[in-house]
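Asker: all I have is the shape, not the residue letters:
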């Protein structure tokens, strides 16, 4: 639900640096055909749209833009489906968000996920990342997940912190920013994207895994998939069912507050010239004047 | 004066500039203490002291480096409990944000990520939605845990004692449950890191193809710049995905950003809008990227860019 100011948009150097090849060792048949993957997905404003904060409480103004499945979560759903196809098992998608988040759950079901869980409660509105991780951890707990899968970041808040927080809360090995995932018996191995390349990281199941953009090519839902999704079960879970009280989540329980939010002042108009054969020189003059050269 | 913990970013003992930026900010909040995890601390002490670290907590135990993220979070948790710092500052790298995330849960503290400024009272400034909105936030519960973007503040030296204090932590089973078995370092050529570079030269749809990036790279090299690309260019396969600047790629805040053949969709602006100076080359005078330009040329980049590269070469002599 998260997209209040505290679940902050983020930045620079975190994210995906593309697929870096397969994890060190090849997949082996997983002995259990009952491997269960819970994929946590988020509905976000379309990343091609202009976004704004609601003036009343500095939460994301969701009314003003189209809502879509967070793009990087599509890679997570796809990766879970591939692991299931290779090893057997079940893929459950879980989304915390307002009522319209069911659209995002349906999309994942139409891609091929088996069932959905929708964590929805008015009291969750404005939850910060810490509270979001609490609700997700509670919702995942008791579902016997072998892998709790995430996209590495959401395109609205861009904090990239919830997977690590959920791993911390559940006491599970954290294997995040994966550009390749391989399950081998009770072991999961990933290529963790780093600034210099990647680290091969290994952990035992159950584990928390997050994947980066471009780890795979997410499938489009087929017509058959869309029809089948209509019959799939989506369980609705509210705060009481999670064993949480309203004072543990939501805007009022946030551990940081937005004191002010303002549109960036418009930039003073720059100098624009037409290239009359000396455009490059004109830029060089500008760069010299600005002491860049 | 309360301590302010700064987690040192280093690669094999080489302290990264963002650490000195964090120390510069930390001095506004209290007395900076650097926290160094990993081998090679001796080589880092002088630089940390020079930039204001009164104390350098050193955890050299190799075990901490064998597991990603969690050990650093647990070490910081014990330091937070012991020292009751005014705040903890961490670099907004992927790992830094995850360390901060786990630390926030463990210490029951609020977290603010991707700050571009931190005031003396702990108010953090963020630039959200790709720089379109400026947000000021404050942690209200626990110890403020703030991650700060690279290039947010000018480094200032402020010599301090830099006294080394060795520390250790007993790791939980969960912290050691994921293990790094191999580190693969990929050659990235001679250009600076995209997110740290002072100058970034980018190409977009107007570059027209992979071979067109030759002129972009030549300009970048004349300025010792990193090369970036718009999503249109990376999706088309003209330039590797890891160089994508934008909403779903890297966010950069260089001193100078030169956008060539990039129209300036929100997807791209979100990744470069906070650049200090923006230069634009585009054939289309209506391209929205011109709204961000400090200086722009309406023209064909294949005329303008090579001329610029040559001129820079001449002027640099």
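Answerer: Done, it's in. Here the structure is a predicted model, which is why all the values come from computation and not from measurement.
Asker: quick one, helices of chain B?
Answerer: Under the criterion DSSP state H, chain B contains helices at B:17-29, B:42-50, B:62-65, B:70-83, B:94-107, B:213-222, B:231-235, B:266-272, B:301-316.
Asker: how about residues contacting the longest one?
Answerer: Meaning helix B:301-316. Identification of contacts with helix B:301-316 by C-beta atoms under 8 Å, 6 or more residues apart in numbering or on different chains yields A:275, A:277-281, A:283-284, A:287-288, A:293, B:203, B:206-207, B:212, B:215-216, B:218-219, B:222-223, B:260-261, B:281-283, B:297. Where you see a C-beta, it was placed from the backbone N, CA and C, and this is true even at glycine.
Asker: go with 7 Å
Answerer: A:275, A:279-281, A:283-284, A:288, A:293, B:206, B:215, B:218-219, B:222-223, B:260-261, B:281, B:297 (C-beta atoms under 7 Å, 6 or more residues apart in numbering or on different chains).
Asker: and these, which are buried?
Answerer: A:275, A:279-280, A:283-284, A:293, B:206, B:215, B:218-219, B:222-223, B:260-261, B:281, B:297 (16 or more other C-beta atoms under 10 Å in any protein chain shown).
Asker: please name whichever of the residues you listed scores lowest on pLDDT.
Answerer: Within the buried ones among the contacts of helix B:301-316, pLDDT reaches its minimum at residue A:293, with 90.
Asker: please tell me how far that one sits from chain B.
Answerer: 5 Å (C-beta to the nearest C-beta, to the nearest Å).
Asker: circling back to that earlier point, what's the most distant pair in the buried ones among the contacts of helix B:301-316?
Answerer: A:293 and B:206 (23.5 Å; C-beta to C-beta).
Asker: thinking again about what came up before, between the buried ones among the contacts of helix B:301-316, which is closest to residue B:110?
Answerer: The shortest approach to residue B:110 among the buried ones among the contacts of helix B:301-316 belongs to residue B:223, at 40.1 Å (C-beta to C-beta).
Asker: which ones are touching that closest one?
Answerer: Residue B:223 neighbours (C-beta under 7 Å, 6+ apart): B:199, B:201, B:312.
Asker: neighbour count added to the residues you listed, as TSV?
Answerer: Shown next, in TSV, are the contacts of residue B:223 (neighbours: other C-beta atoms under 10 Å in any protein chain shown):
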residue	neighbour count
B:199	21
B:201	29
B:312	21
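Asker: and of those, the nearest to residue B:55?
Answerer: Nearest member of these to residue B:55, counting by C-beta to C-beta, is residue B:199, at 35.5 Å.
Asker: what's opposite that closest one in the beta bridge?
Answerer: Beta-bridge partners for residue B:199, by DSSP bridges, are residue B:256.
Asker: what's the answer for residue B:112, then?
Answerer: Applying DSSP bridges, one finds that residue B:112 bridges with residue B:146.
Asker: now residue A:45
Answerer: According to DSSP bridges, beta-bridge pairing links residue A:45 with residue A:67.
Asker: and the gap between it and residue A:233?
Answerer: 28 Å (C-beta to C-beta, to the nearest Å).
Asker: now tell me what touches stretch B:41-51 from outside.
Answerer: B:8, B:10, B:13, B:15, B:20, B:23-24, B:34, B:36, B:56, B:58, B:60, B:155, B:157-162, B:164.
Asker: stretch B:77-91: which residues count as buried?
Answerer: So, applying 16+ other C-beta under 10 Å, buried residues of stretch B:77-91: B:77, B:79, B:80, B:83, B:85, B:86, B:87, B:88, B:89, B:90, B:91.
Asker: does residue A:201 really touch residue A:192, like I thought?
Answerer: Yes: using C-beta atoms under 7 Å, residue A:201 is in contact with residue A:192, at 4.8 Å.
Asker: now for those two: what residues contact both?
Answerer: A:175, B:68.
Asker: isn't residue B:270 right up against residue B:247?
Answerer: Yes: in this structure residue B:270 lies within contact range of residue B:247 using C-beta under 7 Å: 4.0 Å.
Asker: now the residue in the stretch 1-150 of chain B positioned nearest to chain A. Nearest residue, chain neighbours left out?
Answerer: Distance from chain A to each residue of the stretch 1-150 of chain B (C-beta to the nearest C-beta) is smallest for residue B:110, at 3.1 Å. Distances taken as C-beta to C-beta, 6 or more residues apart in numbering or on different chains put residue A:255 closest to residue B:110, at 3.1 Å, once the chain neighbours are dropped.
Asker: hmm, back to that, tell me the one of the buried ones among the contacts of helix B:301-316 nearest residue B:96?
Answerer: Checking those one by one against residue B:96 (C-beta to C-beta), the nearest turns out to be residue B:223, at 28.0 Å.
Asker: residues contacting residue 216?
Answerer: Here I'm looking at chain A. By C-beta under 7 Å, 6+ apart, residue A:216 lies in contact with A:75, A:78, A:79, A:82.
Asker: to clarify, I was referring to chain B.
Answerer: With C-beta under 7 Å, 6+ apart, residue B:216 has these contacts: B:201, B:203, B:207, B:227, B:260.
Asker: where does chain B have low pLDDT?
Answerer: Applying pLDDT under 70 to chain B flags residues B:130, B:187-189.
Asker: how is it carved up into domains?
Answerer: B:3-166, B:199-316 (automatic domain parsing).
Asker: spell out which residues of the stretch 101-250 of chain A are next to chain B.
Answerer: By C-beta under 7 Å from any C-beta of the partner chain, the residues of the stretch 101-250 of chain A that approach chain B are A:129-130, A:133, A:155, A:159-161, A:164-165, A:168-169, A:171-177, A:192, A:195-204, A:213-214.
Asker: just the buried residues from those, in ChimeraX please.
Answerer: The following ChimeraX line selects those of these that are buried, judged by 16+ other C-beta under 10 Å:
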select /A:129,130,133,155,159,160,161,164,165,168,169,172,173,174,175,176,177,192,195,196,197,198,199,200,201,202,203,213,214
